[in-house]
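S.K.: Can you look at this prediction? I've put the sequence above it.
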Amino acid sequence: MPIRSCRVSARSAALARLLRGLLREDGQTILEWTVVLPLFMAISAGIIFYAWLWWNQVTAATAIHDAVYLAARHGGDIAEARERIEELLNAALGGYAEGFSYEITPDPATRSVSGTIRREKVVDLPFLGEFLFSVKASSFQRLERFWAGPPSGWW
C-alpha cells in the first residue's frame, strides 16, 4: 500500500508541475508591452501632431486679430500691424513662422480694417503618407473713432 500511494502522489506531482508550467505568467508582461507599446506611441504621436496644428491655428488667429485691431486703433497704420504679426508669429513659432502669408487691407469706405493670414504646407507623415497642413484665419475691425452715423450704403 505505501508504494501505491507514492506512485499516485508522484503522478499528482507531475500533473501539478505540468499545470504550473502551462499557467506561468513569466513572459506575459513582455508580450503585453510588445502589443501595447506601438499603439501607445501612435496615439501619443497623434496627440502631439494635433496639438501642433492647434497651436499654429491659435497663433495665426491671435496674430491677425491683434494686428488688425492695432491698425484699427491707429487709423489704419499697416506698417505697425505688419510688425506686430511678425513679432507674434516669431515669438510663438520661431523659424516655422516664415511660411505664413498675410494681408491687411484698410477700407475707408466702410471705415474698417480687415486681414487674412494663411499657411498651407504638405507634410509627409510616417506610415500615413502626405497630409495638407492648412492654417487660415481672418479678422475684421471697425476704425476706432466716434462717427456721426453708419457708413453710407450700410442701411
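M.R.: Looks like it arrived, so ask away.

S.K.: What pLDDT is listed against the residue most central in space within the chain?
M.R.: To find the centre residue of the chain, average its C-alpha atoms and take the closest one (Cα atoms, centre = their mean): that gives A51, at 2.2 Å. The per-residue pLDDT reported for A51 equals 95.

S.K.: What is the strand or helix carrying it packed up against?
M.R.: Using DSSP states H and E, A51 sits within helix 28-73. Of the remaining helices and strands, those touching helix 28-73 by 3 or more Cβ pairs under 8 Å, 6 or more residues apart in numbering; DSSP states H and E are helix 78-93, strand 101-107, strand 112-125, strand 129-142. No exception for glycine: its C-beta is placed from N, CA and C like everyone else's.

S.K.: among those, which is nearest W33?
M.R.: For W33, the closest of these is strand 112-125, at 24.6 Å, according to Cβ to Cβ.

S.K.: Paired strands for that closest one, with orientation please.
M.R.: Sheet pairing of strand 112-125 (DSSP bridges) gives strand 101-107 (antiparallel), strand 129-142 (antiparallel).

S.K.: Give me whichever of those strands is most buried.
M.R.: For those, the largest average neighbour count (mean count of other Cβ atoms under 10 Å) is found in strand 101-107, namely a mean of 16.

S.K.: And for it, what's in contact with it?
M.R.: Applying Cβ atoms under 8 Å, 6 or more residues apart in numbering, the contact partners of strand 101-107 are 63-64, 67-68, 71, 76, 78, 81-82, 85, 112-119.

S.K.: Next: stretch 127-142.
M.R.: Contacts of stretch 127-142 from elsewhere in the structure, counted by Cβ under 8 Å, 6+ apart, are 53, 56-57, 60-61, 64-65, 67-69, 71-72, 100, 111-125.

S.K.: With stretch 39-54 instead?
M.R.: Outside of stretch 39-54, the residues within contact range by Cβ under 8 Å, 6+ apart are 125, 133, 135.

S.K.: one more time with 10 Å
M.R.: Applying Cβ atoms under 10 Å, 6 or more residues apart in numbering, the contact partners of stretch 39-54 are 33, 93, 96, 123, 125-128, 131, 133-135.
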